[in-house]
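**Q** for reference, the sequence and a predicted model appear below.
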Amino acid sequence: MKTIDKIYINGEFVSPKGTEYFNLISPTTNEKLGEVILGNTEDTQNAIDAAKTAFKTFSKTTASERIQYLENIKIEIEKRKSEFIDIVVEEYGGTFQFASNSFTYMQKSFDSAINLLKNYEFTKTMGESEVQMAPIGVVGIIIPWNSSNGFICSKLSTAIAAGCTVVIKPSEMSAQQTQLITECLHEAKLPKGVFNIVNGLGEVVGNEISRNPDIAKISFTGSTSVGKIIAKEAVNTMKRVTLELGGKSPNIILDDADFSKAIPLAVIAAYMNSGQACIAGTRLLIPESKLEETKLIIKEVISNTIVGDPKNPNTAVGPMVSEKQFNRVQDYIQIGINEGAEILTGGLGKPEGLEKGNFVKPTVFIHVNNKMRIAQEEIFGPVLSIITYKTEEDAIEIANDTNYGLQAYISSSDPKRAQRVASQINAGRVQINGISHDPMAPFGGFKQSGIGREFGILGLEAYLEPRALIQQK
Ligand code: NAP
Ligand code: MG
């Protein structure tokens, strides 16, 4: 049993003023792993004050000083690689494969922030003027549980690159992962107050970050519903917001694709991070004439998809993070049945032998109509909907018939055709014939998948304000 009883403010681990406890429960066994004390409003204000003071000097550091800080953090994180992987498996129920990829993603965040800093011109000439790209101020970082330290690393590395200071509010369910990264950040010896981390509830700590006039910008990853609450609150003090929200990503398999490759890839896209991924390809768009072939391949792939103990390196689908999330996924499977979709594989209930944890049967629905709730709403679990289309135009229309627009996938044997279709999809990223992350390319959503972009130059500039100096000659 572990007790996380400290938060991190102004370069120190401190006892929070908050006194409420939150239980940390294993997703794999539902046994109690430990508990975390939750910070309160006063703790959040103290963290913001520390970040505000630190900003005065940190905002004036040089790019090379900040490169050094980023390198120091990366070194400290690398020292504890196996602990990072183990804690994601234990606390979150992330599969070993996911936890390992997640660690690489953390490392790459620092590499790409360093790369940006080496090349970015903070002073430019526009028209007759000198334009200085100035750090925006104190940034509030609010993130969910599904890739907690990944989000901390990508957002914090960009904030540091820009010369901003931060207050981070992770999900309370990720307290042990947060403890580990905080220890690494502490060892990296950044100036006091550059980063502050407060465990606590969204309605308390998150709300204070959204409200407090000393926060200049919020970088939020989470649900569209909470994103809207934050954006409404932020407007009162005109905070800048970057919102990375939900998704219902379409995966278009064109009729010329190699189905023996595209369909297994589609299962990976749908069930990545046990389906708890904003970018999961949860709507599989198949040419009508290829449905029978697809069904056969999918059944075969899923019969070889290992569900179970996330520690097992071969496991592809682990438990849902919490009982609440398990119930939400079950509700959606029931909704799909009620709406008249047909279960090809999976369905309600837990897989045999896995009754103790929050395990869901990887589920595939066929005869799904894009108007159904299971095709429109984010489920955040291993549930895939197959939708058939008649023509390429039809496929594009269905793909875009959604409130979301975070990511899309396309498979085709003709790269030009894939490119042509991709250019008509309203999504921040379109993956063609594969799945990868480009940390120098923008990431973010069209429509209700968010506002703004992370990564690359656009991501960095979201932490900067342009100041134009117009000299009269
Ligand atoms: P969530 O409920 O939106 O919570 C995200 C964060 O916001 C948590 O830290 C939460 O704190 C906090 N929060 C809740 N209410 C708040 C409020 N009123 N004011 C300020 N902060 C508040 O999301 P989740 O259920 O944890 O995570 C799943 C969602 O994240 C999915 O919808 C998924 O699509 C989205 N997501 C998006 C991306 C992306 O990059 N676009 C990536 C991953 C996940 P508590 O934990 O205390 O509630
Ligand atoms: Mg929540």
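**A** It's in. Residues are numbered from 1 along each chain as shown. Ligands and ions are numbered 1, 2, ... in the order given.

**Q** who's in contact with the nearest residue to residue 400 once chain neighbours are set aside?
**A** Sequence neighbours aside, residue 426 is the residue nearest to residue 400 in space, at 5.1 Å (criterion: CB to CB, 6 or more residues apart in numbering). (Each C-beta comes from the backbone N, C-alpha and C, glycine too.) Residue 426 makes contact with 400, 405, 446, 447, according to CB atoms under 8 Å, 6 or more residues apart in numbering.

**Q** near ligand 1, which residues of the stretch 51-200 of the chain?
**A** 142, 143, 144, 145, 146, 169, 171, 172 (CB under 6 Å from any ligand atom).

**Q** take these and keep only those in strands.
**A** Using DSSP state E, the subset of those located in strands is 142, 169.

**Q** may I ask which of the residues of the stretch 51-200 of the chain next to ligand 1 has the most neighbours?
**A** Looking at those with neighbours defined as other CB atoms under 10 Å, the largest count falls to residue 169 at 28 neighbours.

**Q** correct me, but it touches residue 201?
**A** No: in terms of CB atoms under 8 Å, residue 169 does not count as a neighbour of residue 201; the distance is 9.0 Å.

**Q** near ligand 1, which residues of the stretch 351-473 of the chain?
**A** 378, 380, 406, 450.

**Q** quick one: which two of those are the most distant?
**A** Maximum pairwise distance among these (CB to CB): 15.9 Å, between 380 and 450.

**Q** those two: who's more crowded?
**A** Neighbour totals were compared for residue 380 and residue 450, and residue 450 leads with 28 against 25 (other CB under 10 Å).

**Q** give me the number of residues near residue 275?
**A** 24.

**Q** name the residue of the stretch 251-400 of the chain that lies nearest to ligand 1.
**A** Closest contact between the stretch 251-400 of the chain and ligand 1, by CB to the nearest ligand atom, is at residue 278 (3.2 Å).

**Q** what sits against the closest residue to that residue other than its chain neighbours?
**A** Spatial nearest neighbour of residue 278, chain neighbours left out: residue 247 (4.7 Å); criterion: CB to CB, 6+ apart. Neighbouring residues of residue 247 by CB under 8 Å, 6+ apart: 278, 279, 280, 378, 404, 405, 406, 407, 445, 449.

**Q** what is the burial count for the second one?
**A** It refers to residue 279. The number of residues near residue 279, taken as other CB under 10 Å, comes to 24.

**Q** using the three-state scheme, assign the residue of the stretch 251-400 of the chain closest to ligand 1.
**A** Secondary structure assignment for residue 278 (DSSP: H, G, I helix; E, B strand; the rest coil): coil.

**Q** from memory it sits against residue 406, does it?
**A** Yes: at 5.9 Å, residue 278 counts as touching residue 406 under the criterion of CB under 8 Å.

**Q** got any residues that touch both of those two?
**A** Common neighbours of residue 278 and residue 406 (criterion: CB under 8 Å, 6+ apart): 244, 245, 246, 247, 449.

**Q** make TSV out of those residues and add pLDDT and secondary structure.
**A** Output for those, formatted as TSV (pLDDT from 0 to 100; DSSP: H, G, I helix; E, B strand; the rest coil):
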residue	pLDDT	secondary structure
244	98	strand
245	98	coil
246	97	coil
247	98	coil
449	98	helix
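
**Q** any idea which of the residues you listed is closest to residue 438?
**A** residue 244 (15.8 Å).

**Q** tell me which two of the residues of the stretch 51-200 of the chain next to ligand 1 sit farthest apart.
**A** Checking those with CB to CB, the most distant pair is 146 and 169, at 15.2 Å.

**Q** look up the closest residue to whichever residue of the stretch 51-200 of the chain sits closest to ligand 1, ignoring the ones flanking it.
**A** Across the stretch 51-200 of the chain, the shortest distance to ligand 1 (CB to the nearest ligand atom) belongs to residue 144, at 3.1 Å. Leaving aside its sequence neighbours, residue 144 sits nearest to residue 222 (CB to CB, 6+ apart; 4.6 Å).

**Q** contact partners for that neighbour?
**A** So residue 222 contacts 142, 143, 144, 244, 245 (CB under 8 Å, 6+ apart).

**Q** would you quantify the distance from the second one to residue 290?
**A** Think residue 143. 39 Å (CB to CB, to the nearest Å).

**Q** residue 119 now?
**A** Distance of residue 119 to residue 290, computed by CB to CB: 45 Å.

**Q** the two: which has the busier surroundings?
**A** More crowded of residue 119 and residue 290, by other CB under 10 Å: residue 290, with 18 against 10.

**Q** surely the more buried one is in a helix?
**A** Yes: judged by three-state DSSP, residue 290 forms part of a helix.

**Q** contacting residues around it?
**A** Residue 290 neighbours (CB under 8 Å, 6+ apart): 253, 255, 259.

**Q** among these, which are in helices?
**A** Taking DSSP state H as the definition of helices, these contribute residue 259.

**Q** and which of the contacts of residue 290 is nearest residue 326?
**A** Closest approach to residue 326 among these (CB to CB): residue 253, at 29.7 Å.

**Q** give the other helices and strands that the longest helix seen in the chain contacts.
**A** Taking DSSP H as the criterion, the chain has its longest helix at helix 96-119. In terms of contacts (3 or more CB pairs under 8 Å, 6 or more residues apart in numbering; DSSP states H and E), helix 96-119 is packed against helix 63-79, helix 81-87, helix 148-162, helix 456-461.

**Q** quick check: angle from it to helix 63-79?
**A** Calculated by axes from the mean of the first three to the mean of the last three CA atoms, to 10 degrees, helix 96-119 forms an angle of 160 degrees with helix 63-79.

**Q** next, the angle from helix 96-119 to helix 148-162.
**A** For helix 96-119 against helix 148-162, the angle by the same axes, to 10 degrees is 0 degrees.
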